[in-house]
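[1] Quick one: sequence plus predicted model below, questions after.
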Amino acid sequence: MNVSEAIRTKRATRQFQETPLPEDVAKSILNAGRRSQSSKNNQAWQFIAIRDKEILKALSTCGEWAGHIAGAAMAVAILIPDPNAKFQHLVDCGQAAAFMQLAAWELGVGSCPASIYEPEKAREIFLKHHSPDTPCAVLRNIAREGQKVDLTTLDKLLTHKIDMLSLVIIGNSDTEQMGHWMVTKRGYL
């Protein structure tokens, strides 16, 4: 399928098959968003891929036109900085969403945007499923001049600068912060 055909044939899909999305397909869709253009190549967005059915169902209640999220195999939350500070973030967000939708369509996956009109409710849903004090690390300029490592927690993650020069690591329920280290113990210890 070429780009013109994808644009011409793409339709909003609000009913989905009950099958899980293969990992390689999910990665291809997310990579299309990551590769989309942005103002001054700032890429100030962050993507959260949501595949847990309970979370998808809960998120479907956060907007009048978001009900179809409950039946999706995956939803992608696109987080952007305050659009009042730089309106281009809204355009960038739309570009990323469009790139992901076209990539999905090419792969035979239907999609439809949904707006979350209750962001605090959505935040609470995420925090209900993950501890706010889950250790996280934001690494910037790895192996470059100005390398920086910030250890933080999930509830404070979005207060840190995250861009194309960043690597974000989110720990799990076994991760601990030990001094200047984030440590996840192996199951065989």
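    That came in fine, so what should we check first?

[2] what's the following helix or strand after the helix-or-strand element of the chain with minimal mean pLDDT?
    The helix or strand of the chain with the lowest confidence, counting by mean pLDDT, DSSP states H and E, is strand 166-170 at a mean of 73. Next helix or strand after strand 166-170 toward the C-terminus (DSSP states H and E): strand 175-178.

[3] Send over that next one as PDB, restricted to the C-alpha atoms.
    Taking Å, rounded to 0.1, in the frame of the first residue of the first chain, the C-alpha atoms of strand 175-178 are listed here in PDB:
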ATOM      1  CA  THR A 175      12.800  -2.100  41.800                       C
ATOM      2  CA  GLU A 176      14.400  -0.100  44.600                       C
ATOM      3  CA  GLN A 177      16.500   3.100  44.700                       C
ATOM      4  CA  MET A 178      19.800   2.500  46.500                       C
END
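
[4] in its sheet, what does it sit against?
    Strand 175-178 sits in its sheet next to strand 181-184 (antiparallel), going by DSSP bridges.

[5] and the strand it pairs with, which residues are buried?
    residue 182 (16 or more other C-beta atoms under 10 Å). C-beta: built from backbone N, CA, C; applies to glycine.

[6] what does the average pLDDT come to for that strand?
    The average of the pLDDT scores along strand 181-184 is 77.

[7] now it: how far from the chain's centre is it?
    23 Å (C-alpha atoms, centre = their mean, to the nearest Å).
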